[in-house]
Every structure is written in structure tokens, then in C-alpha cells.
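Enquirer: starting from these lines, generate the structure:
(one chain, ligands or ions: 1)
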Amino acid sequence: MIPDSLFSLPDPISIPVEGELSTYPVGRIFCVGRNYAAHAAEMGNEVDREASFYFTKSALNAVLSGATVPYPPGTENFHHEMELAVAIGKPVFRATRADALDAVYGYGCSLDMTRRDLQVRERNKQRPWHLGKDLENGTVLAALTRKADWSPDDNKRIYHNANGETRQDATLEELIWKIDEVICHLSGYYHLRPGDLILTGTPVGVGPVLAGDFLEGGIDGLQSISLSLI
Ligand SMILES: CC(=O)CC(=O)C(=O)O
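Expert: Predicted structure coming up:
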């Protein structure tokens, strides 16, 4: 606790890393929107191929894979979104495509849980998506794999199952903005630093989940992710 502060804040979430004793503390969470064309289409949107766009989620609202969390308040249409998370390991500002990947620490699976009814309602009113996206327990983070041990090749499968039924099933080839392009673009606006996570968007197949559901997903070669809803 900082001396003289009036109260203490929760500790930041810290993600296990495969083969490491130390964990990776999370500072900021940036999310890329509409980074898979088929998901943009299922949401009734076109992809903006001019530039990627972003929203943020509070790290204080994130939980680790394997958590059991309550169905959130204020929604009747709570959705799973399976995503590849990129963990930044070095400060980077105005990266070039050539040096962007140097800034990566590692990769992991994540779930960008979404109050879809609120996100769509706010989107349709041309308002920010906060109520839909930045909800308590609304980001799930699985153990990271260091970049020396894994790379985001096009042929890697990304999938998500709800109660054993496969709902999302794609490959990283479908990413519109690749990892180096995202870091290059985002670092033009932020001084990215260790602790920053970038969730790279979700493939087609998002859908509703209910209390009692068991969610599970993976990306070839990374630690899988799960969440139980009560
Ligand atoms: C429209 C969305 O679902 C935004 C988002 O989270 C995405 O991955 O795309």
C-alpha cells in the first residue's frame, strides 16, 4: 500500500507463464475490434480495412482460466468470444513492422466475455461499448507461452466449445490485422510497455452462454482456457 493512501486497491492480476516460476502482471488490456471478417459479418458490420480499431477492458475485471464466476448482471445475452492474447514484454513506441515483434513477451488464450445486448444497443446509439465489454469477471486469461516457444502461424487453429459443443473454429490465417501490424499501429497512439495485453479479436461463431455452462477453448500449441458460469 502507498504510504498515506486512504485505502488499498486490489492487486493486479498476474498470469502464469509456462516453464517460469514468475508470473506476468497485467497493466492494461487493449482489444482489437472486428479483426475476423466473418465475425464482423455475423455482427452486421463490415471490416474497416483502413485501420484497426480498439476498445479497452480493465485488468481489475479479469480472472484467470479455470475460474468459476456468476452470470453477470444487466444482460440477457451474455456471449463468449475466444481470442489470441499478445503480451508485451518491452517498451515500444511507434514500432515499425520490422521491430514490432521484438516487443512481444509471449502469447496466450483469452476470452473477451461480452454483454451482447448492451454492446449492440450502445453501438446502435453510436455510444461507447463499455457496459457491453468492460464487465466484472469479463476477461479470462490463460497461462502464457513465451514467444521463443510459440509463434502465431497462419495454420494455428483457434476454437471454442460451450458444454462440449464447438461454436468457434477458425485459424489465425483469418486475422485481418496481423500481430506486427497491430503493435505497429497501436504503438503510434500509446507507449506500450510490459504488462500490456492485446486481445486480437474473435472469429465467427460467438453465441450466448447461461448459468451452469462450462466454456473451454484453445489455440494450437498454447495452454487451453476454461470458465464455469454459475
Ligand atoms: C463486434 C465485436 O464483437 C467486437 C469484438 O470484440 C471483436 O472481437 O470483434
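Enquirer: I'd say residue 209 and residue 77 touch.
Expert: No - with contact defined as C-beta atoms under 8 Å, residue 209 does not count as touching residue 77 (9.6 Å). In this view, the C-beta of every residue, glycine as well, is placed from N, C-alpha and C.
Enquirer: so where does residue 180 fall, helix or strand?
Expert: Using DSSP states H and E, residue 180 sits within helix 179-186.
Enquirer: which other helices and strands contact that helix?
Expert: strand 82-88, strand 197-199 (3 or more C-beta pairs under 8 Å, 6 or more residues apart in numbering; DSSP states H and E).
Enquirer: and that helix with strand 82-88, angle?
Expert: Relative orientation of helix 179-186 and strand 82-88, computed by axes from the mean of the first three to the mean of the last three C-alpha atoms, to 10 degrees: 70 degrees.
Enquirer: the ligand contacts on the protein?
Expert: Near the ligand, the residues belonging to the chain are 31, 33, 34, 35, 39, 43, 81, 112, 201, 202 when assessed by C-beta under 6 Å from any ligand atom.
Enquirer: now do 5 Å
Expert: Counting by C-beta under 5 Å from any ligand atom, the chain comes close to the ligand at 33, 34, 43, 201, 202.
Enquirer: tabulate those (TSV), appending secondary structure and distance to residue 179.
Expert: Below are these laid out as TSV (DSSP: H, G, I helix; E, B strand; the rest coil; distance: C-beta to C-beta, whole Å):
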residue	secondary structure	distance to residue 179
33	strand	16
34	coil	16
43	coil	22
201	coil	11
202	coil	15
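Enquirer: which of the residues you listed sits closest to residue 71?
Expert: For the residues of the chain next to the ligand, the residue nearest residue 71 by C-beta to C-beta is residue 202; the value is 19.8 Å.
Enquirer: who's in contact with the helix or strand of the chain with the lowest mean pLDDT?
Expert: Lowest by mean pLDDT, DSSP states H and E among the helices and strands of the chain is helix 37-42, with a mean of 92. Identification of contacts with helix 37-42 by C-beta atoms under 8 Å, 6 or more residues apart in numbering yields 34, 46, 47, 170, 174, 176, 201, 202, 203, 204, 205, 206.
Enquirer: can you pull the contacts of residue 197?
Expert: 26, 28, 29, 30, 59, 85, 86, 87, 88, 110, 141.
Enquirer: tell me what it is bridged to.
Expert: Under DSSP bridges, the beta-bridge partners of residue 197 are residue 29, residue 87.
Enquirer: report the separation between the most centrally placed residue in the chain and residue 142.
Expert: Closest residue to the average C-alpha location of the chain: residue 199 at 3.2 Å, with C-alpha atoms, centre = their mean. For residue 199, the distance to residue 142 equals 12 Å [C-beta to C-beta, to the nearest Å].
Enquirer: what residues are up against the closest residue to residue 119 other than its chain neighbours?
Expert: In this structure, residue 119 finds its nearest non-sequential neighbour in residue 132, 2.7 Å apart by C-beta to C-beta, 6 or more residues apart in numbering. With contact set as C-beta under 8 Å, 6+ apart, residue 132 has these partners: 114, 115, 116, 117, 118, 119, 120, 121, 122, 123.
Enquirer: what's the longest strand seen in the chain packed up against?
Expert: When the chain is parsed with DSSP state E, its longest strand is strand 104-112. Secondary-structure packing of strand 104-112 (3+ C-beta pairs under 8 Å, 6+ apart): strand 82-88, strand 139-141, strand 145-146, strand 197-199, strand 214-219, strand 225-229.
Enquirer: many thanks, have a good one.
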